[in-house]
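# Turn this into a structure:
(one chain, ligands or ions: 2)
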Amino acid sequence: MALFRKTPEVFGLDIGSSAVKVVQLRESGGTWRLVALGTASLPPDVIADGTIKDPPTVVDAIRGAVGKAGVKGSDATIAICGRELIIKKVQIPQVPPKEVHDVVQLEAEHHIPFAIDEVFLDYHGVGQHDGVMDLILVAVKKSKVLEYAAVVEEAGLVPAIVDVDSFALGNQFELNFPEERGEAVALIDIGASIMKTNVVRGGATIFARDIPFGGNNYTQAIAQQLKIPFEQAEAAKLGRDVGVRWEAVVPALETVSRELSLEVQRTFDYFASTAESERIGKIVLAGGCAQLPGLNDYLSSNWGIPVELAKPFERIEVDPAHAEEVAGAAASFAVVVGLALRRPGDKG
Ligand SMILES: Nc1ncnc2c1ncn2[C@@H]1O[C@H](COP(=O)(O)OP(=O)(O)OP(=O)(O)O)[C@@H](O)[C@H]1O
Ligand SMILES: [Mg+2]
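Ligands and ions are numbered 1, 2, ... in the order given. Sure, this is the predicted structure:
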């Protein structure tokens, strides 16, 4: 009975390679409020190269994060990122709306490196001119979605909505900074293993790209240079007292930051080749790695544009119980906040 149906309770479930994060938001009268937040860390190599290598450990972490958060309901919005996800700008001839679907199906075959029946396809329009329509095409390997859905179900939850990390990042930015509608903004989430880029303008994605690069690159470089185990290098990177002086890790950090800047360069070059002379006005960094001291200044001086840290809770009410956790690691919650904003039936 639709009449008596309550607003569905959905929450964001971000299964990252270093941690599972859970956020539930509730909206009333146009105001969003944080009602649940929980995280559970994952040991390295449980999820590697975007593949879940050790499903039971991920299931435990999901249960742990969801339990800590104390969410309502069991419907989760999850997201996919990485190599099995293809996001491309494509052009199709202008056709009546009801024909777009079929034309996209045909066109997609030229753009994705997988068989068409192996992928889920989606698209959204980004403009039209001279008899052509520009679309952002999204294709994801079905097997990847099923792999992530399986651990969610195993944890007793329902993967009600499947999103894309970089789109969640954009969604979060749109809620928190609706006034930024002029220049293109490059949203970059740097997690432990994958960097997700989403260039948005006027609230819409105009370019997106994921590359395998993240905080683990820093940790591995420290481990190699100082000949110490990964775990100790990770703690040293975070400035925890593990018998390694900060000055000792700086050379490794600098080397990897140069590599990171080159990766950003490649992404911007690629963007420039797809988007007629669009200028990127600024970069907004998210993900845990964004909190690396000095990274934003370094990228800003390299790029000559402002580099800011994401503020995913800028327009979300946070009660004192959650304030400390949110303040300490806000940028790393950007994707999960974007996921938590989704509701069944949303288009975007
Ligand atoms: N204060 C900090 N300084 C430097 N690095 C940090 C800091 N806090 C977290 N990190 C790093 O951020 C990374 C984790 O970020 P995040 O939680 O966004 O990753 P994830 O979502 O698990 O990974 P991915 O999205 O790549 O699968 C780790 O490499 C961690 O070392
Ligand atoms: Mg992540």
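# Residue 164 bridge partners, please.
Beta bridges link residue 164 to residue 80, judged by DSSP bridges.
# wait, it sits on residue 81?
Yes - using C-beta atoms under 8 Å, residue 164 is in contact with residue 81, at 6.8 Å. Any C-beta I mention is one placed from the backbone N, CA and C, and that applies to glycine too.
# show me what contacts the residue nearest to residue 43 when sequence neighbours are not counted?
Excluding its sequence neighbours, the residue lying closest to residue 43 (C-beta to C-beta, 6 or more residues apart in numbering) is residue 57, at 7.2 Å. Residue 57 is in contact with 42, 43, 46, counting by C-beta atoms under 8 Å, 6 or more residues apart in numbering.
# Now the host helix or strand of residue 57: buried residues?
Assigned by DSSP states H and E, residue 57 belongs to helix 55-69. Buried residues in helix 55-69, counted by 16 or more other C-beta atoms under 10 Å: 57, 58, 59, 60, 61, 62, 63, 64, 65, 66, 69.
# could you dump those to CSV with pLDDT and distance to residue 31?
Listed next are the buried residues of helix 55-69 as CSV, based on pLDDT from 0 to 100; distance: C-beta to C-beta, whole Å:
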residue, pLDDT, distance to residue 31
57, 98, 37
58, 98, 34
59, 98, 34
60, 98, 35
61, 98, 31
62, 98, 29
63, 98, 31
64, 98, 30
65, 98, 25
66, 98, 25
69, 97, 20
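# which two from those residues end up farthest apart in space?
57 and 69 (18.7 Å; C-beta to C-beta).
# Output the contacting helices and strands for the biggest helix by length in the chain.
Using DSSP state H to define each element, the chain has its longest helix at helix 246-274. For helix 246-274, the elements it packs on are strand 184-190, strand 195-201, strand 204-211, helix 215-226, helix 230-237, strand 280-286, helix 295-303, judged by 3 or more C-beta pairs under 8 Å, 6 or more residues apart in numbering; DSSP states H and E.
# and if we set it to 7 Å?
With contacts defined as 3 or more C-beta pairs under 7 Å, 6 or more residues apart in numbering; DSSP states H and E, helix 246-274 has these neighbours: strand 195-201, strand 204-211, helix 215-226, helix 295-303.
# what's the distance between the residue in the stretch 1-150 of the chain positioned nearest to ligand 1 and residue 168?
Minimum separation of the stretch 1-150 of the chain from ligand 1 (C-beta to the nearest ligand atom) falls at residue 16, amounting to 2.3 Å. Look at residue 16 and residue 168: by C-beta to C-beta, to the nearest Å, they are 12 Å apart.
# So which of those two has more stuff around it?
With neighbours defined as other C-beta atoms under 10 Å, residue 16 and residue 168 compare such that residue 168 has more, 29 against 26.
# who's in contact with that one?
79, 335, 338, 339 (C-beta atoms under 7 Å, 6 or more residues apart in numbering).
# who has more neighbours, residue 164 and residue 81?
Set side by side, residue 164 and residue 81 show more neighbours around residue 81, with 29 against 25, by other C-beta under 10 Å.
# leaving aside the residues next to it on the chain, what's closest to the closest residue to ligand 2 within the stretch 151-300 of the chain?
Nearest residue of the stretch 151-300 of the chain to ligand 2, counting by C-beta to the ion: residue 191, 3.4 Å away. Spatial nearest neighbour of residue 191, chain neighbours left out: residue 287 (4.6 Å); criterion: C-beta to C-beta, 6+ apart.
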